[in-house]
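Engineer: sequence? don't have it. structure:
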């Protein structure tokens, strides 16, 4: 299982990482707002992560780290 970490304060909530995840692990947090005023990304189903790194590659703000 891979470990995901996020720098959520810098997330602009664009959702690109959510869209590209093949296992639909990520979601924009519906009940959280970061310091930039956006719903940040969170792992809704972290146990389903396969560690492919697509989310980290797609993120324009480099807020996602994937450790295998």
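Structural biologist: Cool, the structure landed. Source: prediction; values computed, not measured. Numbers count the residues shown, from 1 in each chain.
Engineer: Could you use CA atoms for every contact and neighbour count after this?
Structural biologist: Noted.
Engineer: Okay, and the beta partners of the spatially most central residue of the chain?
Structural biologist: In the chain, the C-alpha closest to the average C-alpha coordinate belongs to residue 41, at a distance of 4.4 Å (Cα atoms, centre = their mean). Applying DSSP bridges to residue 41 gives these bridge partners: residue 28.
Engineer: residues contacting it?
Structural biologist: Residues in contact with residue 41 (Cα atoms under 8 Å, 6 or more residues apart in numbering) are 6, 8, 11, 13, 15, 18, 26, 27, 28, 29.
Engineer: Not counting its neighbours along the chain, what's nearest the fifth one?
Structural biologist: Nearest residue to residue 15, sequence neighbours excluded (Cα to Cα, 6 or more residues apart in numbering): residue 28, at 6.9 Å.
Engineer: Was I right to think that neighbour contacts residue 13?
Structural biologist: Yes - contact between residue 28 and residue 13 holds when scored by Cα atoms under 8 Å: they sit 6.7 Å apart.
Engineer: what touches both of those two?
Structural biologist: 39, 40, 41.
Engineer: tell me which of those residues is nearest to residue 1?
Structural biologist: Nearest to residue 1 among the shared contacts of residue 28 and residue 13: residue 41, at 19.0 Å, using Cα to Cα.
Engineer: What pLDDT is listed against the closest one?
Structural biologist: For residue 41, the pLDDT comes out at 99.
Engineer: same deal with residue 1?
Structural biologist: 79.
Engineer: The one 4 residues further on now?
Structural biologist: The pLDDT attached to residue 5 in the predicted structure is 98.
Engineer: cool, residue 60 as well?
Structural biologist: For residue 60, the model assigns a pLDDT of 98.
Engineer: One more: the one 5 residues further on?
Structural biologist: According to the prediction, residue 65 has pLDDT 98.
Engineer: which one is it nearest to, not counting chain neighbours?
Structural biologist: Using Cα to Cα, 6+ apart, the nearest residue to residue 65 is residue 5, at 5.2 Å.
Engineer: Number of residues surrounding that neighbour?
Structural biologist: 12 (other Cα atoms under 10 Å).
Engineer: What residues does it make contact with?
Structural biologist: Residue 5 touches 64, 65, 66, counting by Cα under 8 Å, 6+ apart.
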